[in-house]
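Novice: sequence unknown, structure follows:
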């Protein structure tokens, strides 16, 4: 997992509310246990027509979306069933952060464990981001701040252990593995 410290990117706006995990990654793509390649299936039912051709009207298929690391979504993003494949697909597509006024709890947890930074902002900041698609913004995880092009900076919450893992490019298992010596010493002294 790549560490996250600073993310500077233009945004892609997907303003719909209640985008659920089945819309992010349809169930028919859940047959894999690897993360690689799921980006091509992200938002598949919206990105492709019935013949499998890209839908030119869908934002992720437009040239202005290319290379964006930040998805701005409507309220209640990631609701629905729990599936780690949803953040896997978004990360494999290229996103490093998703911003909304509300992000579903299970999706938020799965994202933090898989290298996708879920950011909850206030209504005014969210409204500005929705009204200004393609805005160049800066996310600083070290200070938990989002800076808009006009210099306005807003803070966002991130649980401290998840923040530590993202800053260091590790997950819970990787963190525990790095504690092997301390665990062995504890076990030795426990006897």
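Specialist: Yep, it's here. All values derive from a computational prediction rather than experimental measurement.
Novice: so what does the lowest-mean-pLDDT helix or strand in the chain touch, helix or strand wise?
Specialist: For the chain, scoring each helix and strand by mean pLDDT, DSSP states H and E identifies helix 172-177 as the least confident one, at a mean of 79. In this structure, helix 172-177 packs against helix 160-168, with contacts taken as 3 or more CB pairs under 8 Å, 6 or more residues apart in numbering; DSSP states H and E. Heads up, the C-betas are built off the backbone N, CA and C, glycines and all.
Novice: What are the contacting residues of stretch 96-103?
Specialist: With CB atoms under 8 Å, 6 or more residues apart in numbering as the contact definition, stretch 96-103 has outside contacts at 2, 4, 7, 9, 11, 69-78, 90, 111, 115-123, 126, 129, 139, 146.
Novice: Quick one: residues contacting the residue most central in space within the chain.
Specialist: Centre of the chain computed as the mean C-alpha position; nearest residue by CA atoms, centre = their mean is residue 116, 3.4 Å away. Residue 116 sits next to 87, 90, 91, 95, 96, 97, 98 when contact means CB under 8 Å, 6+ apart.
Novice: Touching the lengthiest helix in the chain from outside, list them.
Specialist: The helix spanning the most residues in the chain, taking DSSP state H as the definition, is helix 180-190. Identification of contacts with helix 180-190 by CB under 8 Å, 6+ apart yields residue 176.
Novice: same check, this time on stretch 33-47
Specialist: Applying CB under 8 Å, 6+ apart, the external contacts of stretch 33-47 come out as 14, 23-26, 29, 32, 54-55, 58, 60-61, 85, 88-94, 114.
Novice: So for stretch 36-46, mean pLDDT?
Specialist: Summarised as a single mean, pLDDT over stretch 36-46 is 95.
Novice: and if you look at stretch 121-130?
Specialist: Per-region confidence: stretch 121-130 scores 98 on mean pLDDT.
Novice: and it, how far from the chain's centre?
Specialist: Stretch 121-130 has its C-alpha centroid displaced from the chain centroid by 17 Å (CA atoms, centre = their mean, to the nearest Å).
Novice: Next, the buried residues of it.
Specialist: Under the neighbour-count criterion of 16 or more other CB atoms under 10 Å, stretch 121-130 has 121, 125, 126, 128, 129, 130 buried.
Novice: swap in stretch 172-191?
Specialist: Taking 16+ other CB under 10 Å as the neighbour-count basis, stretch 172-191 is seen to contain no buried residue.
Novice: and if you look at stretch 27-36?
Specialist: Of all the residues in stretch 27-36, those buried under the rule 16+ other CB under 10 Å are 29, 30, 35.
Novice: Which parts of this structure are helices?
Specialist: Using DSSP H, the helices of the chain run over residues 21-24, 44-47, 85-93, 105-112, 123-131, 160-168, 172-177, 180-190.
Novice: can you point me to the longest strand in this protein?
Specialist: With secondary structure taken from DSSP state E, the chain has its longest strand at strand 6-14.
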